[in-house]
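1. got a sequence here, can you model it:
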Amino acid sequence: MLAFTLARAHAAQGKRMLLTCFNKALAQWLAQSLHGVPGVDVFHFHDLARVLSLEAGLKYDIPADPQALGAFFRDTSPELLLTAADSLGARCDSLVVDEAADFSPTWWVALEALGRSGFSWYCFYDRQQCLFQSGQSWEPPFQAEPMLLDANLRNTRPIGELAARMGGCAQPPEFMVEMGEAPQVRRSADFVGMAAQLKALLRELLGKQGLRPEQVVVLSPYKHTNASSAWATGLAGTPVTTDMLSPDAALLRVGTVQGFKGLEADVIILAGLDERSTRYPETLYVGASRARAALYVLALDGVMPTVLPDGNNGH
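-> Numbering: from 1, shown residues only. Purely as a prediction, here's the structure:
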């Protein structure tokens, strides 16, 4: 909301503003929300690099090899953006970066090259949601006194407190919504049993409780299409989509925690939690904290026993 306010205010002053972030789906949502506001450009970082590289006449060839792909997005893409900025010249008066903790140091150099003389920029970051960089080594791109946003405005207190425990994070001192449904933790011996639990839960939410499919999102640290994600057979019989942004009203959204970062939903089902997933507490925190009103955690027996108590009450 602060980013929206900045974008509209600066655009009203006749300034050219660039709003960027890491996640593709988040950038699409931001662009939709700011549609029609003159002077505001919204891109996720790598799409910004692609668009300006092509505009500058540079090749932006994404490699097919998985190892080369990582190096391309980490190093080559920002280098191309910097080269494009040198060629095209500065183009924005204000720069807003969301998910800033997922930006590498070299990315800031490329972004700064896009700023006109005297440009201003604003960075929003949460090191507890740092999925793609090392939160310990990350530093803000410029010297400034941070404005601490320490009130949780998304989750009810029961959801926010469990999410913080799952991520090993400090508890927020304040929640806008104090009361709410306690998160439910449902355990199973294996993914086959988890699939049965997921199927029953969806029947309960979409049938008995009468929720609309677009209100519910199923997230996992791993793709539900992976061969090892046997829990996903519990989706059988429920029409689903991987379009996390603007799904058909009759379709249930299913995706990864990483792909849904920055977005939110009324109800989150965090599925597929095994021992391996506990190595990435920041991913668990991001996944659980996407829920506004209700959170269901499907975990294997023995996973995070002190954080996720057995039974239906995770609070």
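
2. alpha carbons only for contacts and neighbour counts from here, please
-> OK.

3. D41 should be in a strand, yeah?
-> Yes. With DSSP: H, G, I helix; E, B strand; the rest coil as the criterion, D41 is located in a strand.

4. and for it, the neighbour number?
-> Around D41 sit 18 other residues, with neighbours defined as other C-alpha atoms under 10 Å.

5. residues contacting T156?
-> T156 is in contact with 175-180, 292-293, counting by C-alpha atoms under 8 Å, 6 or more residues apart in numbering.

6. equivalent analysis for R157, please.
-> With contact taken as C-alpha under 8 Å, 6+ apart, R157 is in contact with 175, 177-180.

7. any chance of the backbone angles for the residue nearest the centre of the chain?
-> Centroid-nearest residue in the chain: K261, 0.8 Å away (criterion: C-alpha atoms, centre = their mean). When read as degrees, to the nearest 10, the backbone of K261 gives phi -60, psi 130.

8. from what I can see it touches N23, true?
-> Yes. If you go by C-alpha atoms under 8 Å, K261 and N23 touch, sitting 6.9 Å apart.

9. most neighbours, which of the contacts of R157?
-> When neighbours are taken as other C-alpha under 10 Å, the top entry among the contacts of R157 is F175 (18 neighbours).

10. that one should be in a strand, yeah?
-> Yes. When classified by three-state DSSP, F175 is found to be part of a strand.

11. ok, back up a step: closest one to S53 out of the contacts of T156, please.
-> Closest approach between the contacts of T156 and S53, by C-alpha to C-alpha: R292, at 38.4 Å.

12. for that closest one, report the pLDDT, please.
-> At R292 the predicted local confidence, pLDDT, stands at 92.

13. how about it, secondary structure?
-> Secondary structure of R292, reduced to three states by three-state DSSP: strand.

14. and it, how many residues sit next to it?
-> 20.

15. my read: it touches E264, true?
-> Yes. Counting by C-alpha under 8 Å, E264 is a contact partner of R292 at 6.9 Å.

16. could you check how far the closest residue to G89 other than its chain neighbours is from T106?
-> Excluding its sequence neighbours, the residue lying closest to G89 (C-alpha to C-alpha, 6 or more residues apart in numbering) is L114, at 6.9 Å. L114 sits at a distance of 14 Å from T106 (criterion: C-alpha to C-alpha, to the nearest Å).

17. that older thread, export the contacts of T156 as TSV, with columns for distance to R74.
-> Formatted as TSV, the contacts of T156 follow (distance: C-alpha to C-alpha, whole Å):
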residue	distance to R74
F175	36
M176	37
V177	38
E178	40
M179	42
G180	40
R292	32
A293	36
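
18. got the contact list for F22?
-> The neighbours of F22, taking C-alpha under 8 Å, 6+ apart as the test, are 44-46, 98-100, 102-103.

19. ok, back up a step: L114 and T106: which has the busier surroundings?
-> Residue environment comparison for L114 versus T106 gives the larger neighbour count to L114, 23 against 14, counting by other C-alpha under 10 Å.

20. phi and psi next, for the more buried one.
-> Geometry field for L114 lists phi and psi as phi -90, psi -10, criterion degrees, to the nearest 10.

21. helices along the stretch 1-150 of the chain, start to end?
-> Assigned helices in the stretch 1-150 of the chain, in chain order: 2-12, 24-33, 45-55, 66-71, 77-88, 105-112 (criterion: DSSP state H, counting those that start in this stretch).

22. by how many degrees do the first one and helix 24-33 diverge?
-> Relative orientation of helix 2-12 versus helix 24-33 (axes from the mean of the first three to the mean of the last three C-alpha atoms, to 10 degrees): 40 degrees.

23. what about helix 2-12, average pLDDT?
-> Mean predicted confidence for helix 2-12 is 87.

24. domain map for the chain?
-> By the record's domain assignment, the chain is partitioned as 2-149, 152-300 (automatic domain parsing).

25. one step back: which of the contacts of F22 fall within strands?
-> In strands, judged by DSSP state E, the following of the contacts of F22 are found: H44.

26. out of the contacts of F22, which are buried?
-> Listed as buried from the contacts of F22 are 44-46, 98-100, 102-103; burial here means 16 or more other C-alpha atoms under 10 Å.

27. make JSON lines out of the residues you listed and add distance to F124 and pLDDT.
-> Rendered in JSON lines, the data for the buried ones among the contacts of F22 read as follows (distance: C-alpha to C-alpha, whole Å; pLDDT from 0 to 100):
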{"residue": "H44", "distance to F124": "14", "pLDDT": "93"}
{"residue": "F45", "distance to F124": "14", "pLDDT": "94"}
{"residue": "H46", "distance to F124": "18", "pLDDT": "94"}
{"residue": "D98", "distance to F124": "5", "pLDDT": "88"}
{"residue": "E99", "distance to F124": "6", "pLDDT": "87"}
{"residue": "A100", "distance to F124": "6", "pLDDT": "86"}
{"residue": "D102", "distance to F124": "11", "pLDDT": "86"}
{"residue": "F103", "distance to F124": "11", "pLDDT": "88"}
